[in-house]
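Peer 1: The following comprises the amino acid sequence and a computationally predicted model.
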Amino acid sequence: MSFLKDQIHGFISKGGLKAGLQPVEGLEKEEERVEELLRLDVIDKDLTNEREFNNVTQLACFLTGRSKSTINLLDDVSQHSKNTQGFNAIESFMTKEMPRSVSICQFVLAAPKEQMIIEDLKKDTRTQNFHKMPMAPNIQFYAGTPIITKRGYTVGTLCVFDEKPGTLIHSQKEGLRLLSDQVSSLLEQISPKKKTEEEQLGGEKSPIEASYYSAASILFTDFVDFTQLSENIQPGELIETLDQYFSSFDLLMDNHGIKKVKTIGDSYMAVAGIPEGKPGHARNACAAGLDIIKMVDGINMQRTALGKDPWKIRVGVHTGPVIAGFSGSGFDVWGDSVNIASRLESASEGGRLHISEETKLSLDQSSGITDRGEIELKNKGMMRTYFLDNLA
């Protein structure tokens with residue numbers, strides 16, 4: 001940063017503090033996040049006239065019905081506006097580079113995997129003093145969607161603004177998420193330091209090849225009272241019975257276009273929406289979950305006819321961001337969304353499909369759903385969940 005620019009930034013930062021803006025501090029993995037920006041090496045690249053980025057900001061405004069949109073990258077000191085829509089010449093100049101400490105987008109970094117919607121800047125404790133700064137833009141509504149790289153780091157935001165308070169519906173939020181994914185892919189493509197993992201390792205393949213996915217649907221199952229069931233059955237029959245159930249689940253996953261991840265004991269895990277990222281993955285995962293319950297009921301009828309105990313199954317589905325890829329043990333999926341899906345399954349009932357609110361919103365239906373209200377999920381706190389009985 002030049003001496004003059006450093007002075008200007010210092011003046012603006014002091015003005016923000018004087019107005020009452022509190023900079024975000026204590027960010028987790030901030031050093032690694034900044035290193036990711038350095039890897040991309042696009043901070044100094046001019047994207048104002050790049051057609052692909054222009055399309056994104058125009059679409060963001062069109063999708064949300066808001067007047068302004070921008071693509072921002074945030075390092076440890078500054079916010080860099082790389083492409084804007086709806087800004088006049090003065091606004092574009094003033095926001096091209098500004099101290100991160102006075103930006104609204106800095107607050108996205110505090111929860112770097114989540115969209116941040118501020119319906120009225122004047123009523124939100126984080127931004128209520130924003131308009132007290134000299135030459136502050138006349139905006140009241142803000143929606144920031146994190147730009148997350150394939151390595152899972154939030155390097156910036158895709159934002160929409162408006163002069164009037166407002167909100168966004170689920171489909172608009174999903175549209176912004178998809179556009180943000182597109183920005184991330186474009187940044188990777190234009191990066192002058194773009195290299196394959198093989199090039200970086202001198203021709204050797206990386207031991208872990210993983211990518212971040214902003215949305216996928218994870219399915220978990222397990223059998224009720226499995227420990228007790230396993231105590232009353234011979235080891236050979238136990239393995240044969242599990243194989244009978246899991247083999248039938250594999251067929252259902254193929255039928256619904258879902259990828260099996262693994263089995264752990266009596267638990268079966270699968271994921272929808274990876275790697276293709278097509279819409280409808282929540283519906284596909286839920287359809288597979290409902291079919292699993294029907295399949296188990298059918299197998300249990302056979303077991304009952306043979307004088308054997310039926311096995312009851314629990315199913316849980318959650319929709320959210322994940323990291324997925326290949327490690328030494330094969331394909332796997334990681335992230336908090338995986339843990340939530342597992343907790344939903346554990347808190348389900350025999351013969352029921354238990355889903356999160358995020359999955360329910362993705363289904364866009366009201367019938368066939370039983371609201372459980374807020375329940376406590378182990379190590380996750382209180383969450384609103386639902387039983388899904390059928391798909392509309």
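Peer 2: That came through, no problem. As the structure is a prediction and not an experimental result, all values here were calculated from the model. Residues are numbered from 1 along each chain as shown.
Peer 1: in this structure, which spans are helices?
Peer 2: 3-19, 30-40, 51-64, 89-95, 170-190, 197-200, 226-231, 235-256, 281-305, 336-346, 357-363 (DSSP state H).
Peer 1: can I get the ones you listed in CSV with mean pLDDT and mean neighbour count?
Peer 2: C-beta here means a position set from N, CA and C on the backbone, and glycine is covered the same way. Formatted as CSV, the helices of the chain follow (pLDDT from 0 to 100; neighbours: other C-beta atoms under 10 Å):
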stretch, mean pLDDT, mean neighbour count
helix 3-19, 74, 14
helix 30-40, 95, 16
helix 51-64, 95, 18
helix 89-95, 79, 13
helix 170-190, 94, 18
helix 197-200, 42, 11
helix 226-231, 86, 13
helix 235-256, 91, 14
helix 281-305, 94, 19
helix 336-346, 96, 22
helix 357-363, 95, 21
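Peer 1: Now these in a markdown table, please, with extra columns for distance to residue 123.
Peer 2: Output for the helices of the chain, formatted as a markdown table (distance: least, C-beta to C-beta, whole Å):
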| stretch | distance to residue 123 |
| --- | --- |
| helix 3-19 | 16 |
| helix 30-40 | 29 |
| helix 51-64 | 20 |
| helix 89-95 | 23 |
| helix 170-190 | 20 |
| helix 197-200 | 47 |
| helix 226-231 | 50 |
| helix 235-256 | 44 |
| helix 281-305 | 32 |
| helix 336-346 | 29 |
| helix 357-363 | 24 |
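Peer 1: Select, out of those, the one closest to residue 266.
Peer 2: Among those, the nearest to residue 266 by C-beta to C-beta is helix 226-231 (4.3 Å).
Peer 1: Tell me which other helices or strands the closest one touches.
Peer 2: Using 3 or more C-beta pairs under 8 Å, 6 or more residues apart in numbering; DSSP states H and E, no helix or strand is in contact with helix 226-231.
Peer 1: List of residues touching it?
Peer 2: 223, 238, 265-266, 309, 311 (C-beta atoms under 8 Å, 6 or more residues apart in numbering).
Peer 1: Indicate which one of the helices of the chain is closest to residue 121.
Peer 2: Here helix 3-19 is closest among the helices of the chain (C-beta to C-beta), at 12.6 Å.
Peer 1: what's the domain layout of the protein?
Peer 2: Domain assignment for the chain by automatic domain parsing gives 3-190, 209-388.
Peer 1: I figured residue 332 hits residue 259, correct?
Peer 2: No. With contact defined as C-beta atoms under 8 Å, residue 332 does not reach residue 259; the gap is 10.8 Å.
Peer 1: Overlap of the contact sets of those two?
Peer 2: What both residue 332 and residue 259 touch, as defined by C-beta under 8 Å, 6+ apart, is an empty set.
Peer 1: So what sits opposite residue 262 in the bridge?
Peer 2: residue 269 (DSSP bridges).
Peer 1: Distance check, residue 264 against residue 246.
Peer 2: Going from residue 264 to residue 246 by C-beta to C-beta, to the nearest Å gives 11 Å.
Peer 1: Now for these two: what residues contact both?
Peer 2: With C-beta under 8 Å, 6+ apart, residue 264 and residue 246 have no common neighbours.
Peer 1: Residue 222 and residue 266 touch, don't they?
Peer 2: Yes. Using C-beta under 8 Å, residue 222 is in contact with residue 266, at 5.2 Å.
Peer 1: residues in contact with residue 118?
Peer 2: So residue 118 contacts 104, 124, 126-127, 141-143 (C-beta under 8 Å, 6+ apart).
Peer 1: mind checking how far residue 229 is from residue 241?
Peer 2: Taken as C-beta to C-beta, the span from residue 229 to residue 241 is 9 Å.
Peer 1: separation between residue 274 and residue 257?
Peer 2: 11 Å.
Peer 1: quick one: which of these two has more around it?
Peer 2: residue 274 (21 against 15; other C-beta atoms under 10 Å).
Peer 1: Let me see the confidence value for that one.
Peer 2: Looking at residue 274, its pLDDT is 89.
Peer 1: For stretch 148-168, list the C-alpha coordinates in PDB.
Peer 2: The C-alpha atoms that make up stretch 148-168 are tabulated as PDB, following Å, rounded to 0.1, in the frame of the first residue of the first chain:
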ATOM      1  CA  ILE A 148     -15.700 -19.800  -0.800                       C
ATOM      2  CA  THR A 149     -12.800 -21.400  -2.700                       C
ATOM      3  CA  LYS A 150     -12.400 -25.100  -3.500                       C
ATOM      4  CA  ARG A 151     -10.200 -25.400  -0.400                       C
ATOM      5  CA  GLY A 152     -13.000 -24.100   1.800                       C
ATOM      6  CA  TYR A 153     -11.800 -20.600   2.600                       C
ATOM      7  CA  THR A 154     -14.000 -17.500   2.400                       C
ATOM      8  CA  VAL A 155     -12.000 -14.900   0.400                       C
ATOM      9  CA  GLY A 156     -14.800 -12.400  -0.300                       C
ATOM     10  CA  THR A 157     -18.500 -11.800  -0.700                       C
ATOM     11  CA  LEU A 158     -21.100 -11.400  -3.400                       C
ATOM     12  CA  CYS A 159     -23.300  -8.600  -2.100                       C
ATOM     13  CA  VAL A 160     -26.600  -6.900  -3.000                       C
ATOM     14  CA  PHE A 161     -27.700  -3.600  -1.500                       C
ATOM     15  CA  ASP A 162     -30.700  -1.300  -1.600                       C
ATOM     16  CA  GLU A 163     -31.800   2.000  -0.300                       C
ATOM     17  CA  LYS A 164     -34.900   0.600   1.300                       C
ATOM     18  CA  PRO A 165     -35.100  -2.100   4.100                       C
ATOM     19  CA  GLY A 166     -36.100  -5.600   2.900                       C
ATOM     20  CA  THR A 167     -35.500  -9.300   3.000                       C
ATOM     21  CA  LEU A 168     -34.900 -12.300   0.600                       C
END
